[in-house]
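S.K.: Below are the sequence and a predicted model; questions follow.
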Amino acid sequence: MDITLFANKAFALSTIVAQLFLAALLVYLVLMKVAPSAIPPALKKFFAFVAAHGLWLAFLTVVLSMAGSLFYSQVAGFPPCELCWYQRIFMYPLALVLLIGLIKRDSRVFDYALALAIVGGAIALFHNYIYYSNGGLNVICQFGGIGISCTKRYVFEFNYVTIPLMSLTAFGTVIAFLLFHKFYAIHTKHLSVT
């Protein structure tokens, strides 16, 4: 099997798993507000684990995302468009920021990591808007008149997973892990004080 076809499937599956996780997290948060007693204990334990290890999970998501972007540009030979470069500018430093925070056990890294993830996620959202609006206004990529089109399709797995969608999902997952970890830390700190 061709390595690029295998990677496409693997990265697309990991994107779908992340999207399912985000959907489950949203349902869990709604249930926590509306009917906390309806949540099964196993699900509560799972999300407590996720929250307690949110920085590690965010770091692993970033590393996987970096591996994917580097694979596509360096191994598969898919040149990144200008918006992809901007997303990389915010994704790659996240790995270093989160790693330093994890090594030093410094939870203050949250603010820096969240800022990078939100800006990168906003660019990814814009990229998806351009990508899925049938080649709509593509000012960033058309402004210079050079480079790769931001709407060129290199990957289309499971009839919807594309590289821009992978990026948006990665940023969304990182943001979710960071926020969930932060709120968990605040909640457990509050419980230990009372």
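M.R.: Perfect, I can see it now.

S.K.: part of a helix, is residue 6?
M.R.: Yes. Assessed with DSSP: H, G, I helix; E, B strand; the rest coil, residue 6 lies in a helix.

S.K.: what about it, neighbour count?
M.R.: Applying other Cβ atoms under 10 Å, we find 10 residues neighbouring residue 6. (C-beta placed from N, C-alpha, C; glycine too.)

S.K.: which residues sit in contact with it?
M.R.: By Cβ atoms under 8 Å, 6 or more residues apart in numbering, residue 6 lies in contact with nothing.

S.K.: And for residue 3?
M.R.: Residue 3 is in contact with residue 75, counting by Cβ under 8 Å, 6+ apart.

S.K.: mind listing the strands for this structure?
M.R.: Counting by DSSP state E, no segments of the chain form strands.

S.K.: Okay, helices next: where are they in it?
M.R.: Assigned by DSSP state H, the chain shows helices spanning 3-34, 41-52, 54-70, 82-104, 109-132, 139-143, 163-193.

S.K.: Pick out the shakiest of those, pLDDT-wise.
M.R.: When the helices of the chain are compared by mean pLDDT, helix 139-143 comes last with a mean of 56.

S.K.: in stretch 152-169, what counts as buried?
M.R.: Of the residues in stretch 152-169, 154-155, 157, 161-169 count as buried by neighbour count, 16 or more other Cβ atoms under 10 Å.

S.K.: My error: substitute stretch 116-134 in the last question.
M.R.: Buried residues in stretch 116-134, counted by 16+ other Cβ under 10 Å: 116-117, 120-121, 123-124, 126-128, 130-131.

S.K.: Burial check on the residue nearest to residue 32 when sequence neighbours are not counted, number of neighbours?
M.R.: Spatially, and ignoring its direct neighbours in sequence, residue 32 is nearest to residue 39 (7.0 Å; Cβ to Cβ, 6 or more residues apart in numbering). For residue 39, the count of nearby residues is 14 (other Cβ under 10 Å).

S.K.: residue contacts, residue 39?
M.R.: With contact set as Cβ under 8 Å, 6+ apart, residue 39 has these partners: 28, 31-32.

S.K.: buried subset of these?
M.R.: Applying 16+ other Cβ under 10 Å to these flags 28, 31 as buried.
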